[in-house]
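Asker: Below are the sequence and a predicted model for it; my questions follow.
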Amino acid sequence: MRNTSGRTTTGVTLLEIVFGLAILILIGTFTVVLMRRDGNTPSETVAVPELASDRSRPARGIDGFEGEGVPHDDERSAFSGDDDGADAGERPWSEDRADGASPAVAAGTTSPMREAIPASAELRDYFSDALAVAGRPNWDRFISLSRKLDAVQYPEAWSLLQEQPWSRAKEEAVTAFVTQWAARAPEAALEFGATLSSHNQRHAVNDTVMELWATADPANALAWYQEQEAAGTRHLGRAHFFKGLYAGDPELAMGLVWESDDPRRQSDLLRRIFLSTKEPHERERGAADLKTMFDLAEDPAQRAMLAGLVADAWATDDPMRAVEWARELEDEPDVQQRVMMAGLSAWGRREPGAALAWAEAEGLPELDARALGSIVQSWSRDNPAEMREWIRNAPPSGTRDTVVTTHVRSLRYRDPATALRLAESITKSDARYRTMREVADRWIRRDRNAAAAAVLESSMPTAMKRKYAMKVIPKNTSQRRSSK
């Protein structure tokens, strides 16, 4: 109902109503525009589905790039969230060809699934909304866009990435970028990594790609690895390759480990596969896997090696755990000795005096010199006075002889006189004279007169003293004759 002034009974004119509706429409239109811009709608020139493996693969670290690996600036991984406009229908490389090999994309060609972006200036324009951000590139956006490139365009994208100043977020972006490159074209990524001038980057790319490829596609990665190994290619990232191969095909990986006839290589590979982590819970899981292998193994050499690795892992956090396990291995003396030495070595590096005192009190057999060497070295470095006091007070025993012998070998270079006197306290005569000769032989080459004088005053047998005296006297005589 309207009155004569043109207003409705509510006091609002029709003109005001129309004007208000127009304002609401304008606000709504402006809001939609802003939402489209903020949504970072991907370029229509590139429409590439996201790799299925990109979603399923866990993020992996990559060492060796500039700066230290630290959390993302905004505490989010570069893999967080779904890719804008991505389709999860693209298959990982192992399914791209009928023979299972990785796809080969010739330079200047493109996949029929995507329209190529030309390199250089146009590729730079393509990433502009991710990189042209004042003071802080949008790395999540960069990784999202890079998923839509052809394999041949990754090197150029890498160059754009490296132009940006280092930041914690860039570190994670590099990890994500190399990971998805490895998923799409592992051989191309390896070939490109070999051309990098930075030693750290070259090795980091190689190791990361090898591990990821072996995890996702064990058969083809192994074929490539064996071909390169036969050709004598250096730095194949063996440890990383086997770690990935075990994750992808444990039976295949372990078969290759045990095929090796080099025990050191076997031990190194096993350690890299199961124990190359600083995280306690992951190291515990790796030790549990090795313990299971030990329980199932029948070959004595394999059992000894596996037992030593388990003991090393346990002793890192709890030395007595390894020592107590050794008590259960009475039926296998060699394995028991190896486990016991691993536990005592770890304990000795922390509390050498207490570890040796416990070994003596337990009446353990003579300690292995190699296992004890690390204890004595750290002891002499960290608390030499305490070690010398222990040697003075320890009763004669095989353990004391081993400690003295190890300490003498570290002293003979810098203080041969003290080393020779200390060697005289070794209980067993054959070990005592052998150690004294080692000191004297080195000392006489540096200072023959001082060495000969010390030997003549020592407890060496007369025949040995005469031998060292004859090494000195003729030389002194010839020197006197030449001076006349």
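Answerer: Okay, I see it.

Asker: So for Leu26, what's the pLDDT?
Answerer: Note on Leu26: pLDDT of 64.

Asker: Can you give me the domain boundaries for the protein?
Answerer: Under automatic domain parsing, the residue ranges defining each domain of the chain are 63-79+112-184, 412-484.

Asker: between those, which one is nearest to Val403?
Answerer: Comparison of the domains of the chain against Val403 by Cβ to Cβ identifies domain 412-484 as nearest, at 10.1 Å. For every residue, glycine as well, the C-beta is placed using N, CA and C.

Asker: model confidence over the closest one, on average?
Answerer: 83.

Asker: out of the domains of the chain, deepest packed?
Answerer: Mean neighbours per residue, mean count of other Cβ atoms under 10 Å, is largest over these for domain 63-79+112-184, with a mean of 18.

Asker: okay if I get the domains of the chain as JSON lines plus distance to Ala385?
Answerer: Supplementary listing: the domains of the chain in JSON lines, determined by distance: least, Cβ to Cβ, whole Å:
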{"stretch": "domain 63-79+112-184", "distance to Ala385": "37"}
{"stretch": "domain 412-484", "distance to Ala385": "14"}
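
Asker: How many residues are close by Leu275?
Answerer: Leu275: 19 surrounding residues under other Cβ atoms under 10 Å.

Asker: Check the gap between it and Leu309 for me.
Answerer: Between Leu275 and Leu309 the computed distance is 7 Å (Cβ to Cβ, to the nearest Å).

Asker: Test my guess that Gly353 contacts Asn393.
Answerer: No. With contacts defined as Cβ atoms under 8 Å, Gly353 does not count as touching Asn393, sitting 10.1 Å away.

Asker: Can you pick out the residue with more neighbours from these two?
Answerer: Gly353 (16 against 8).

Asker: Tell me how far the more buried one lies from Ala359.
Answerer: 11 Å.

Asker: Arg202 too?
Answerer: Applying Cβ to Cβ, one obtains 47 Å for the distance of Arg202 from Ala359.

Asker: So the two - more neighbours on which side?
Answerer: Neighbours were tallied for Arg202 and for Ala359 using other Cβ under 10 Å; the higher tally belongs to Ala359 (21 against 17).

Asker: do you know how far the more buried one is from Asp331?
Answerer: 21 Å.

Asker: ditto for Val205
Answerer: 48 Å.

Asker: Just confirm Pro461 contacts Asp430, I think it does.
Answerer: No. The criterion here is Cβ under 8 Å, and Pro461 misses it with Asp430 at 11.7 Å.

Asker: Tell me where the model's unsure across the stretch 101-250 of the chain.
Answerer: Confidence mapping of the stretch 101-250 of the chain against pLDDT under 70 gives the ranges 101-121, 133-135, 235.

Asker: Mind jotting down where the helices sit in it?
Answerer: With DSSP state H, counting those that start in this stretch as the definition, the stretch 101-250 of the chain shows helices at residue ranges 121-126, 128-131, 139-146, 154-163, 168-184, 186-193, 199-216, 218-230, 238-248, 250-259.

Asker: I'd like those helices as CSV, with distance to Ala440 appended.
Answerer: Formatted as CSV, the entries for these read as follows, by distance: least, Cβ to Cβ, whole Å:
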stretch, distance to Ala440
helix 121-126, 72
helix 128-131, 69
helix 139-146, 65
helix 154-163, 59
helix 168-184, 56
helix 186-193, 53
helix 199-216, 44
helix 218-230, 48
helix 238-248, 43
helix 250-259, 45
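
Asker: Quick one: closest of these to Glu279.
Answerer: Of the helices of the stretch 101-250 of the chain, the one closest to Glu279 (Cβ to Cβ) turns out to be helix 238-248, at 14.4 Å.

Asker: ok, and what's touching the closest one?
Answerer: Counting by Cβ atoms under 8 Å, 6 or more residues apart in numbering, helix 238-248 makes contact with 207-208, 210-218, 221-222, 225, 252-254, 256-257, 268-269, 272-273, 276, all of which sit outside it.

Asker: Next one: Ala322 relative to Thr316, how far apart?
Answerer: Taking Cβ to Cβ as the criterion, Ala322 is separated from Thr316 by 9 Å.

Asker: Next: Arg327.
Answerer: As it turns out, when the distance is counted by Cβ to Cβ, Arg327 lies 20 Å from Thr316.

Asker: And these two? Which one has more around it.
Answerer: Neighbour totals were compared for Arg327 and Thr316, and Thr316 leads with 17 against 11 (other Cβ under 10 Å).

Asker: For Met254, see how far away that one is.
Answerer: When distances are taken as Cβ to Cβ, Thr316 and Met254 turn out to be 23 Å apart.

Asker: and whichever strand or helix holds Arg285, which residues are buried?
Answerer: Using DSSP states H and E, Arg285 maps to helix 280-296. Neighbour-count burial for helix 280-296, counted by 16 or more other Cβ atoms under 10 Å, picks out 283, 286-287, 289-291, 293-294.

Asker: immediately after that helix, which helix or strand?
Answerer: Assigned by DSSP H and E, the successor of helix 280-296 is helix 300-317.
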